[in-house]
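# what follows is a predicted protein model with its sequence.
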Amino acid sequence: MFDVLVIGAGHAGIEAAAAAARMGAQTCLVTMSLDRAGSMPCNPSVGGPAKGIVVREIDAMGGLMPRAADETALQFKMLNTSKGPGVQCLRVQSDKLAYSRWMKEHLKSMEHLTVVENRVESLDIEDGVVRGAICRDGTRLCARTVVVTAGTYMQSVVLKGHTAVESGPDGQPASQGLSESLRQAGLRTFRLKTGTPPRVKADTVDLSRGQVQPGSADFLHFSEDTRREDVLAPEKQETCTLIWTQPETHRIIREHLADSAMYSGLVRGKGPRYCPSIEDKLVRFADKERHQLFLEPESRNLDTLYIQGFSTSMPEDVQEEMVHSLPGLEHAVIEKYAYAIEYDAIDPLQLRPSLETRQVKGLFTAGQVNGTSGYEEAAGQGLMAGINAVLKVRNQEPLVLRRDEAYIGVMIDDLVTKGTGEPYRLLTSRAEYRLLLRHDNAQERLSDKAFRLGLIDSARMEKLARRHEETDALRQELKELHIPPACSHPVLERTGLEPLRQGSDGLELLKRPGVTVQGLLGRNVDPEAAADLEIAVKYEGYIAKARRDADRLAAMDARKIPEDMDFDAMSNLSLEARQKLSAVRPETLGQASRISGVNPADIAVLALWLEPEKRGDRT
């Protein structure tokens with residue numbers, strides 16, 4: 001009897017199992033093949049807009065993805081550096097083979113974690129309570145809670161041209177019984193679609209025809225535990241290459257649109273709007289003369305390049321023409337053809353904010369099975385599902401991250417409150433408090449919670465405390481740095497500022513564009529502490545306003561809605577609000593306010609019903 005049983009060793013399953021084991025729960029991870037743990041069947045990269053901040057949050061909670069990404073990265077690049085700190089984020093190009101090996105070895109070495117290589121065919125559910133899972137060979141795995149992280153494998157079908165083959169990603173077996181087992185338990189499923197581009201042999205590509213995209217020269221990392229010697233030096237990192245589609249590429253695609261699985265009627269599931277196939281781009285953005293593509297290495301042990309942005313479900317002969325129309329790829333040899341994959345996903349409106357299903361007690365789901373896309377979104381959900389599965393076993397309150405606490409909180413709230421009809425992608429625009437949810441402050445936001453749960457150790461907390469002390473010391477030093485008016489001064493010379501009309505201290509000067517802590521003090525300082533202080537000072541007013549708005553949200557989220565609340569009995573609610581509230585079953589007033597179709601007047605009525613006097617009237 002395990003405390004937690006995790007089905008699937010993709011990015012969600014890994015973090016779910018690792019979190020549960022770190023908390024001391026007896027955990028079982030069942031997967032078809034441990035060799036494919038953390039596999040990257042699509043783009044071999046980690047991070048990017050919003051996603052990179054999720055990886056930082058996973059690190060703050062002690063997760064594995066950040067360390068694996070750092071130690072197996074081929075290239076590091078900080079994105080959006082010309083923009084504000086609310087959208088800056090790290091992206092790494094990963095070595096897909098090394099990443100999977102790293103995950104395999106760490107899972108094998110974890111205490112409280114048992115790994116079973118088998119294929120789950122159905123769930124063991126009795127009287128609305130999950131009891132474990134049953135494998136294809138009849139093996140029964142018993143557990144107090146179960147986390148399903150089946151990814152894109154449930155009833156999956158690979159689509160290419162006019163052909164459809166039952167298969168999981170990269171030719172792996174599909175899961176044929178699990179989604180039916182979920183439906184029998186009362187869960188609704190729907191079909192989604194995603195896809196991947198062709199891979200080409202690197203030595204058959206002329207990279208000189210494109211624009212070189214190097215990594216960043218600075219020491220960058222996702223994990224606070226990563227040391228400089230753990231990662232590739234900037235001069236040893238791989239480069240990527242930018243190319244563009246050509247008029248000939250567009251002609252070939254348009255002539256063969258009817259041959260694409262997406263436009264031939266073969267595809268039934270909805271595809272990702274923010275990561276469309278190349279044929280979908282041409283249809284939706286017909287006015288665009290060209291589309292950018294990136295040629296990215298997959299592994300130091302593979303002679304293959306990934307054509308980022310060229311996802312397609314065209315037949316293989318058409319793919320040959322499309323690839324050969326690209327600059328530098330006229331003679332490219334395709335190592336692996338592109339395909340689309342269609343699969344069963346669970347309607348996330350059936351989930352609690354803890355990611356436990358409403359229909360089956362003790363059953364949690366996480367990752368692409370919940371309708372999301374992306375390794376990072378999956379890992380973030382897996383982390384939370386694993387934590388809450390352990391808390392469920394211990395009869396403790398679940399951990400639910402608010403929208404102002406983490407991008408992970410934004411994502412899960414979006415899923416369980418609004419649902420999704422397409423593969424959900426996390427974007428910075430989805431977070432109304434993104435200035436509070438920055439790349440640099442993930443540790444500050446989440447480490448206390450992680451430490452209380454046993455997810456990180458005291459050494460991590462001590463390191464964070466030392467960084468706070470260094471930041472406070474820099475603040476005090478700048479506060480005591482006084483520059484008199486109307487005279488030359490070394491600080492003004494270093495920072496390129498004109499003589500001041502009025503005297504000022506260092507903190508006031510730091511608010512000016514282009515002024516840095518190092519420039520003001522004229523010496524080397526801790527770069528992370530200095531960055532923390534610069535953001536806090538330069539964006540002080542904006543951060544304070546966002547914090548006030550977030551506090552109002554927190555007050556609404558603190559008002560719990562009874563689970564047995566009869567919304568149909570509230571005659572003053574609009575009909576749509578009654579229907580939506582009954583379907584979603586929000587757990588707090590704040591969550592209710594974010595449901596589409598529930599307007600402010602409905603929230604006012606609901607708030608009145610939650611008053612103690614009104615509750616007394618009802619009883």
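Right, received. Where do you want to start? Keep in mind the model is a prediction, meaning the values are calculated, not measured.
# which ones are touching the spatially most central residue of the chain?
Nearest to the mean C-alpha position of the chain, by CA atoms, centre = their mean, lies residue 377 at 2.6 Å. By CB atoms under 8 Å, 6 or more residues apart in numbering, the residues touching residue 377 are 51, 54, 367, 411, 424, 425, 426. Where you see a C-beta, it was placed from the backbone N, CA and C, and this is true even at glycine.
# before we move on, what SS does it have?
helix (DSSP: H, G, I helix; E, B strand; the rest coil).
# tell me where the stretch 251-400 of the chain has helices.
Counting by DSSP state H, counting those that start in this stretch, the stretch 251-400 of the chain has helices at residues 278-284, 316-324, 375-393.
# just name the most buried of those helices.
Of all those, helix 375-393 has the most neighbours on average by mean count of other CB atoms under 10 Å, namely a mean of 29.
# how far does that one sit from the chain's center?
Averaging C-alpha positions (CA atoms, centre = their mean, to the nearest Å) puts helix 375-393 12 Å from its chain's average.
# CA atoms of that helix as CSV?
C-alpha atoms of helix 375-393 as CSV (Å, rounded to 0.1, in the frame of the first residue of the first chain):
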residue,chain,number,x,y,z
TYR,A,375,6.7,20.6,-20.4
GLU,A,376,6.9,23.5,-17.9
GLU,A,377,3.1,23.7,-17.4
ALA,A,378,3.0,20.0,-16.9
ALA,A,379,5.8,20.0,-14.4
GLY,A,380,4.2,22.8,-12.4
GLN,A,381,0.9,20.9,-12.2
GLY,A,382,2.7,17.7,-11.3
LEU,A,383,4.5,19.4,-8.4
MET,A,384,1.2,20.7,-7.0
ALA,A,385,-0.7,17.4,-7.5
GLY,A,386,2.1,15.5,-5.7
ILE,A,387,2.1,17.9,-2.8
ASN,A,388,-1.7,17.9,-2.4
ALA,A,389,-1.9,14.1,-2.7
VAL,A,390,0.4,13.8,0.3
LEU,A,391,-1.6,16.4,2.2
LYS,A,392,-4.8,14.5,1.3
VAL,A,393,-3.3,11.3,2.9
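# how about the next helix or strand after that helix: buried residues?
Remark: after helix 375-393, the chain's next helix or strand is helix 407-418, criterion DSSP states H and E. Residues of helix 407-418 classed as buried: 407, 408, 409, 410, 411, 412, 413, 414, 415, 416, 417 (neighbour count, 16 or more other CB atoms under 10 Å).
# tell me what angle helix 407-418 forms with helix 375-393.
With axes from the mean of the first three to the mean of the last three CA atoms, to 10 degrees as the basis, helix 407-418 and helix 375-393 are set at 80 degrees to each other.
# so which elements touch helix 407-418?
Counting contacts by 3 or more CB pairs under 8 Å, 6 or more residues apart in numbering; DSSP states H and E, helix 407-418 is packed against helix 51-60, helix 375-393, helix 589-593.
# distance from the chain centre to the shortest one, please.
Distance of helix 589-593 from the chain centroid (CA atoms, centre = their mean) equals 23 Å.
# before we move on, back to that, possible to save the helices of the stretch 251-400 of the chain as CSV with mean pLDDT?
CSV is the format used below for those (pLDDT from 0 to 100):
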stretch, mean pLDDT
helix 278-284, 91
helix 316-324, 97
helix 375-393, 98
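# closest to residue 595 out of the buried residues of helix 407-418?
residue 417 (5.7 Å; CB to CB).
# hmm, residue 499 and residue 487 touching each other?
Yes. Taking CB atoms under 8 Å as the definition, residue 487 is a contact partner of residue 499 at 6.1 Å.
# show me what contacts residue 349?
By CB under 8 Å, 6+ apart, the contact list for residue 349 reads 416, 419, 583, 584.
# and it, how far from residue 355?
13 Å (CB to CB, to the nearest Å).
# need the residues touching each of these two.
The contact sets of residue 349 and residue 355 overlap at residue 416 (CB under 8 Å, 6+ apart).
# list the contacts of residue 520.
478, 481, 491, 494, 495, 506, 509, 510.
# only the buried subset of these, as a ChimeraX command please.
Entered in ChimeraX, the line below selects the buried ones among those, by 16+ other CB under 10 Å:
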select :478,481,491,495,506,509,510
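# ok, the closest residue to residue 70 other than its chain neighbours - how many residues close by?
Leaving aside its chain neighbours, residue 70 sits nearest to residue 226 (4.3 Å; criterion: CB to CB, 6 or more residues apart in numbering). As a burial measure, residue 226 scores 19 neighbours (other CB atoms under 10 Å).
# might you report the residue contacts of residue 226?
By CB under 8 Å, 6+ apart, the contact list for residue 226 reads 66, 67, 70, 71.
# backbone dihedrals for the closest residue to residue 363 other than its chain neighbours, please?
Distances taken as CB to CB, 6+ apart place residue 130 nearest to residue 363, at 4.3 Å, with adjacent residues excluded. For residue 130, the backbone dihedrals (degrees, to the nearest 10) come out as phi -80, psi 140.
# low-confidence ranges, this protein, go.
Residues of the chain meeting the criterion pLDDT under 70: 612-619.
# export stretch 472-486 as CSV, just CAs?
Taking C-alpha atoms only, stretch 472-486 is exported to CSV below (Å, rounded to 0.1, in the frame of the first residue of the first chain):
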residue,chain,number,x,y,z
ASP,A,472,19.5,45.3,2.8
ALA,A,473,23.2,46.3,3.2
LEU,A,474,23.3,47.7,-0.3
ARG,A,475,20.1,49.7,0.4
GLN,A,476,21.5,51.1,3.5
GLU,A,477,24.8,52.0,1.8
LEU,A,478,23.0,53.9,-0.9
LYS,A,479,20.7,55.6,1.6
GLU,A,480,23.9,57.0,3.3
LEU,A,481,25.5,58.0,0.0
HIS,A,482,24.8,61.8,-0.3
ILE,A,483,25.6,63.8,-3.4
PRO,A,484,25.5,67.6,-2.9
PRO,A,485,23.9,70.0,-5.5
ALA,A,486,25.6,72.0,-8.2
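# buried sites along it?
For stretch 472-486, burial by neighbour count (16+ other CB under 10 Å) applies to 474, 475, 477, 478, 481, 483.
# show me what stretch 310-324 is in contact with.
159-163, 195-198, 200, 249, 252-253, 256, 259-262, 267, 275-279, 293, 307, 329-332, 334, 337-340.
# buried ones only from the residues you listed, please, as a ChimeraX command.
Selection of buried members from the contacts of stretch 310-324 for ChimeraX, criterion 16+ other CB under 10 Å:
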select :159,160,161,195,196,197,198,200,249,252,253,256,259,260,261,262,267,275,276,277,278,279,293,307,329,332,334,337,338,339,340
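# thinking again about what came up before, the buried residues of stretch 472-486 in helices, which ones?
474, 475, 477, 478 (DSSP state H).
# ok now do the second one, which residues does it touch?
Taking CB under 8 Å, 6+ apart as the contact definition, residue 475 lies against 507, 533.
# before we move on, the earlier item: TSV for the helices of the stretch 251-400 of the chain, including distance to residue 211?
What follows is the helices of the stretch 251-400 of the chain, written out as TSV (distance: least, CB to CB, whole Å):
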stretch	distance to residue 211
helix 278-284	19
helix 316-324	19
helix 375-393	26
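# so residue 288 touches residue 278, yeah?
No. Using CB under 8 Å, residue 288 is not in contact with residue 278; the gap is 11.4 Å.
# with that, I have no additional questions.
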